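**Q** No sequence on hand, only this structure:
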């Protein structure tokens, strides 16, 4: 028996073929209507005997384009999607001019001025840059912008102190030695632990929130940054963040570098009690903060602040006084002579953390200066701090410390492994750069040798012996005169 309940039916779908009106069609129709409207208003048709010109005037296209379109085969080459055609054009800036652009930018930095498009353009028009010959190339602001982009320049934040420090030869050497040693430890299947310190402010909040600018769409954040806590931890691929190894305490200062809140005694005590017993047999990566690199008393070198009696004591303690010095050398020798002798016997650095770690069979390796990307715990700090900014809604220091522990517990070994993989990829990148740099330097040395050989053989059509002969002949003539 049929029911009276209404049955929901799926609406029927009709498929219709519609003509797609593109942006170009709309523009063309608008031009045609304007052209015909103009003829109506003027009560006269124009160029009836000139169909090509009339079509060009009506559509807004050039006469040559109208002629090409009239060719039947031309339509077969046009796209059907209605998308605008993009043509790739080659830059017509000569390579010598691009070199001038780069050198002009470098020159401005060397002169301690900040380059801009306008200042660089003015110098290029004056002929400044590479070489002494003036150039007749005509630059425009837009062409200069494209050229600088092609050369790899970007208008963005300038290099910070990390970027500058990375290029110093001493730090490049630190980096390469560090990576080579890390690869040796991994080949020996040693567990590598990373440690670092950071901070968190009581009033930290997200940088961006959903708000309509009203008082109801925001938290009541106290003024200022508020007090801060100092955080230290250690982790590895095997363990993630080592359980029970965190150090969190309230800082005494609200501003300034957070490293000033930590000292060698606190840090070493933390390592001895909470870290080293848990990582025995491993490798601990430490950065070069001053309190990490406190020297042992035996390896402490003489310094410029020492008085004469202190310098003499130092020389005696390190058996650095020459045997040929007289018995009264403590009084007879000057401070400058003692300092020079102390500099010759500068002891090999040995750090307190190395002696402490040796008791637990842990190897210490110092990471290079200004390379946080080689330490995965730096990425842990970033993740934890983002979470703290959203979870910190009471703006209470005690609660903030509790939140830190909560976020630490979320940091699993799998998450740590991703961060460490990124750090290892950065190690590979730096070593690839080192290999490329060595190859370029070798080629440059070969080119210098070839140039010296060419000069020796006589690049101007005469050998060096012939030139020497001419010089000797000149000398003989002078002697005769």
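**A** Yep, that arrived. No experiment lies behind these values; they were computed from the predicted model shown. Numbering: from 1, shown residues only.

**Q** Quick check: end-to-end length of stretch 182-199?
**A** Distance across stretch 182-199, first residue to last, is 27 Å (CA to CA, to the nearest Å).

**Q** Residues contacting that stretch, please?
**A** Residues outside stretch 182-199 that contact it (CB atoms under 8 Å, 6 or more residues apart in numbering) are 228-238, 242, 251, 258-259, 261-262, 275, 279, 281-287, 289, 363, 365, 375-378, 381, 385, 420, 427. C-beta here means a position set from N, CA and C on the backbone, and glycine is covered the same way.

**Q** Give me the ChimeraX select line for these, limited to the buried ones.
**A** Here is the ChimeraX selection string for the buried members of the contacts of stretch 182-199, based on 16 or more other CB atoms under 10 Å:
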select :228,229,230,231,232,233,234,235,236,237,242,251,258,261,262,275,279,282,283,284,285,286,287,363,375,376,377,378,381,385,420,427
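
**Q** among the contacts of stretch 182-199, which are in helices?
**A** Mapping the contacts of stretch 182-199 onto helices (DSSP state H) picks out 377-378, 381, 385, 420, 427.

**Q** Give me the phi and psi for the most centrally placed residue in the chain.
**A** For the chain, the residue nearest the mean C-alpha position is residue 163 (6.0 Å; CA atoms, centre = their mean). Dihedral pair for residue 163: phi -60, psi -40, per degrees, to the nearest 10.

**Q** Can we start the residue count at 866 from this point?
**A** Sounds good: first residue 866 from here, last item residue 1028.

**Q** which stretches of the stretch 1166-1315 of the chain have low pLDDT?
**A** For the stretch 1166-1315 of the chain, the stretches with pLDDT under 70 are 1313-1315.

**Q** Please, where are all the strands along it?
**A** 1228-1231 (DSSP state E, counting those that start in this stretch).

**Q** Quick one: residues in contact with stretch 1180-1197.
**A** Defining contact as CB under 8 Å, 6+ apart, one finds that stretch 1180-1197 is touched by 1167, 1174, 1177, 1179, 1198, 1203, 1206-1207, 1209-1210, 1212.

**Q** Would you indicate which residues of it are buried?
**A** For stretch 1180-1197, by 16+ other CB under 10 Å, it's 1180, 1183, 1185-1186, 1194-1195.

**Q** In TSV, list those along with distance to residue 922.
**A** Formatted as TSV, those follow (distance: CB to CB, whole Å):
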residue	distance to residue 922
1180	99
1183	97
1185	98
1186	102
1194	105
1195	106
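
**Q** could you list every residue that touches the nearest residue to residue 1100 once chain neighbours are set aside?
**A** Sequence neighbours aside, residue 1106 is the residue nearest to residue 1100 in space, at 4.4 Å (criterion: CB to CB, 6 or more residues apart in numbering). Listed by CB under 8 Å, 6+ apart, the contact partners of residue 1106 are 1098-1100, 1245, 1273, 1276, 1281.

**Q** how close does residue 1106 sit to residue 1074?
**A** According to CB to CB, to the nearest Å, residue 1106 stands 29 Å off from residue 1074.

**Q** From residue 1118, how far out is the residue nearest to residue 1268 when sequence neighbours are not counted?
**A** Nearest residue to residue 1268 in three dimensions, chain neighbours excluded: residue 1256, at 5.1 Å (CB to CB, 6+ apart). Distance of residue 1256 to residue 1118, given as CB to CB: 24 Å.

**Q** ditto for residue 1188
**A** Residue 1188 is 52 Å from residue 1118, by CB to CB.

**Q** What of residue 1232?
**A** 26 Å.

**Q** Give me the more crowded residue out of the two.
**A** residue 1232 (22 against 13; other CB atoms under 10 Å).

**Q** who's in contact with the closest residue to that one other than its chain neighbours?
**A** Excluding its sequence neighbours, the residue lying closest to residue 1232 (CB to CB, 6+ apart) is residue 1152, at 5.1 Å. Neighbouring residues of residue 1152 by CB under 8 Å, 6+ apart: 1061, 1231-1232, 1240.

**Q** Just put these in JSON lines and tack on distance to residue 1015.
**A** Converted to JSON lines, those look like this (distance: CB to CB, whole Å):
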{"residue": "1061", "distance to residue 1015": "39"}
{"residue": "1231", "distance to residue 1015": "40"}
{"residue": "1232", "distance to residue 1015": "36"}
{"residue": "1240", "distance to residue 1015": "35"}
